[in-house]
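Chemist: attaching a predicted model along with its sequence, questions to come.
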Amino acid sequence: MTSKSVATALTLYRSRTLTLEQAATVGGCSTAQFEASARAFENPTEAR
């Protein structure tokens, strides 16, 4: 899992091109790891 692969997967996930599971695969990690890593890329104004 690299930050670039997670960032790419996150972009594709946010655009609804990939499912969560597919994005995790592209990112090279589990869905739980992808979700945790994605938080690092989250815009503070987009926080839930």
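Modeler: All right, it came through fine. Numbering: from 1, shown residues only.

Chemist: tell me where this protein is predicted with low confidence.
Modeler: Applying pLDDT under 70 to the chain flags the ranges 1, 43-48.

Chemist: center of it, which residue is that?
Modeler: residue 10 (3.3 Å; Cα atoms, centre = their mean).

Chemist: and that residue, its phi and psi?
Modeler: For residue 10, the backbone dihedrals (degrees, to the nearest 10) come out as phi -60, psi -40.

Chemist: the helices in this structure, which residues?
Modeler: Listed in chain order, the helices of the chain (DSSP state H) span 3-14, 20-27, 31-40.

Chemist: quick one: the shortest one to helix 31-40, angle?
Modeler: So the one you mean is helix 20-27. 80 degrees (axes from the mean of the first three to the mean of the last three Cα atoms, to 10 degrees).

Chemist: who are the packing partners of helix 20-27?
Modeler: Secondary-structure packing of helix 20-27 (3 or more Cβ pairs under 8 Å, 6 or more residues apart in numbering; DSSP states H and E): helix 3-14, helix 31-40. For every residue, glycine as well, the C-beta is placed using N, CA and C.

Chemist: most packed of these?
Modeler: Burial of these is given as mean neighbour count (mean count of other Cβ atoms under 10 Å); helix 3-14 ranks first at a mean of 17.

Chemist: could I get the helices and strands packed on helix 20-27 in JSON lines, plus columns for distance to residue 21?
Modeler: Shown next, in JSON lines, are the helices and strands packed on helix 20-27 (distance: least, Cβ to Cβ, whole Å):
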{"stretch": "helix 3-14", "distance to residue 21": "10"}
{"stretch": "helix 31-40", "distance to residue 21": "6"}
